[in-house]
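> Fold the following.
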Amino acid sequence: MRLTPTERDRLLLFGAAELARARRARGLRLNVPEATALIADTVCEAARDGLRLADAINAARAVLGPDDVLPGVADVVTEVHVEAVFDDGSRLAVVASPIGGGLLGDDAPGAVLPGPADAEQQPAVLLTVRNTASVPISVTSHFHFFEANPRLDFDRSAAYGMRLCVPAGSSVRFDADGGEREVGLVPIGGDRIAIGFAGLVDGPLDAPGAKEEALRRAVACGYLGSERGAEA
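Down below sits the predicted model:
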């Protein structure tokens with residue numbers, strides 16, 4: 001059976017979550033990877049069951065309490081990000097305060113803090129983005145913006161090979177029901193290989209024909225704003 005990188009990641013997450021469920025059933029308290037996997041998998045399964053984003057996040061918040069995890073875990077796992085496939089497309093779910101009783105702050109031991117902004121880094125592209133969905137949508141700093149939620153309406157062609165010009169580890173939120181804002185984008189660095197995300201690329205961004213094929217897939221999957229680049 002051939003699986004895409006996204007499908008392999010989903011199976012890996014499910015396997016880790018099943019291990020966490022089995023250990024909790026034996027009366028063991030979960031560590032950080034186990035708790036994180038169980039919370040993230042709860043979101044993905046809720047999406048598969050047809051729940052809305054907000055309901056899936058609420059289900060994930062209810063799955064674990066302070067007594068289900070080892071000491072200190074609730075202070076470390078203060079936010080869980082997972083990309084899940086809902087009935088209306090792939091969305092980033094941000095589960096804040098997923099385990100009750102934690103410190104929930106930058107003083108928590110092991111807390112992940114956004115990196116400092118680069119004062120010299122200026123956006124290479126400015127785009128106006130409108131959220132047509134009925135729920136808020138968040139996009140993280142290093143997500144390939146071209147592949148962001150299909151209900152976000154913007155010039156996809158201009159966003160190809162780009163990410164948000166924000167500090168590493170942070171995100172940008174787009175309000176529901178027509179919320180609109182301007183964002184700055186910068187080119188993805190390094191080897192410029194996009195694997196996973198929404199599966200529109202899954203390979204070198206600058207390979208011959210890669211952008212054209214990604215636009216074709218985006219149009220076929222109903223990503224708003226992709227038809228502009230496909231017609232160019």
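> pLDDT value on residue 113, please?
At residue 113, the pLDDT value in this model is 58.
> packing partners for the top helix by length along the chain?
Secondary structure of the chain per DSSP state H: the longest helix is helix 5-25. Secondary-structure packing of helix 5-25 (3 or more CB pairs under 8 Å, 6 or more residues apart in numbering; DSSP states H and E): helix 32-48. Bear in mind the C-beta positions are built from the backbone N, C-alpha and C, glycine included.
> pLDDT averaged over the helix or strand just after the helix it packs on - what is it?
Sequence order places helix 53-62 as the next helix or strand after helix 32-48, per DSSP states H and E. Helix 53-62 carries an average pLDDT of 91.
> which residues sit against helix 53-62?
Under the contact criterion CB atoms under 8 Å, 6 or more residues apart in numbering, helix 53-62 has outside partners 39-40, 42-43, 46-47, 51, 80, 84, 86, 91, 93-95, 97-98, 135.
> ok, now with 6 Å
The set of residues external to helix 53-62 that reach it, using CB atoms under 6 Å, 6 or more residues apart in numbering, is 39, 42-43, 46-47, 91, 93, 95, 98, 135.
> residues of the longest helix of the chain that come out buried?
Neighbour-count burial for helix 5-25, counted by 16 or more other CB atoms under 10 Å, picks out 6, 10, 13, 16-17, 20-21, 24.
> do stretch 48-66 as well
Quick answer for stretch 48-66 (16+ other CB under 10 Å): 51-53, 56-57, 59-61, 63-64.
> Looking at these, which is nearest residue 144?
residue 53 (20.3 Å; CB to CB).
> what's the spacing between that closest one and residue 94?
10 Å (CB to CB, to the nearest Å).
> for residue 160, same thing?
Distance from residue 160 to residue 94, counting by CB to CB: 25 Å.
> between these two, who's got more neighbours?
Counted by other CB atoms under 10 Å, residue 160 and residue 94 do not tie: residue 160 has more neighbours, with 28 against 19.
> mind listing what the more buried one touches?
Counting by CB under 6 Å, 6+ apart, residue 160 touches 146, 211.
> cool, and residue 94?
81, 138.
> let's see it at 8 Å
Neighbouring residues of residue 94 by CB under 8 Å, 6+ apart: 57, 79-81, 138, 171.
> repeat for residue 196
Contacts of residue 196 (CB under 8 Å, 6+ apart): 5-6, 9, 202.
> Could you rerun that using 6 Å?
5-6.
> Could you verify that it is part of a strand?
No: assessed by DSSP: H, G, I helix; E, B strand; the rest coil, residue 196 does not belong to a strand; its assignment is coil.
> Check what pLDDT it gets.
81.
> Starting from residue 65, give me the distance back to it.
Distance, residue 196 to residue 65, by CB to CB: 31 Å.
> Same check on residue 155?
Applying CB to CB to residue 155 and residue 65 gives a distance of 45 Å.
> again with residue 131
Counting by CB to CB, the gap from residue 131 to residue 65 is 33 Å.
> Which secondary structure element of this protein has the lowest mean pLDDT?
helix 226-231 (a mean of 72; mean pLDDT, DSSP states H and E).
> Among the contacts of residue 94, which are located in helices?
Reading helices off these with DSSP H, I get residue 57.
> Which entries within the contacts of residue 94 meet the buried criterion?
Buried subset of the contacts of residue 94 (neighbour count, 16+ other CB under 10 Å): 57, 80-81, 138, 171.
> Output the buried residues of stretch 48-66 as CSV; include the columns distance to residue 220.
Below are the buried residues of stretch 48-66 laid out as CSV (distance: CB to CB, whole Å):
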residue, distance to residue 220
51, 26
52, 25
53, 23
56, 26
57, 29
59, 31
60, 31
61, 35
63, 35
64, 39
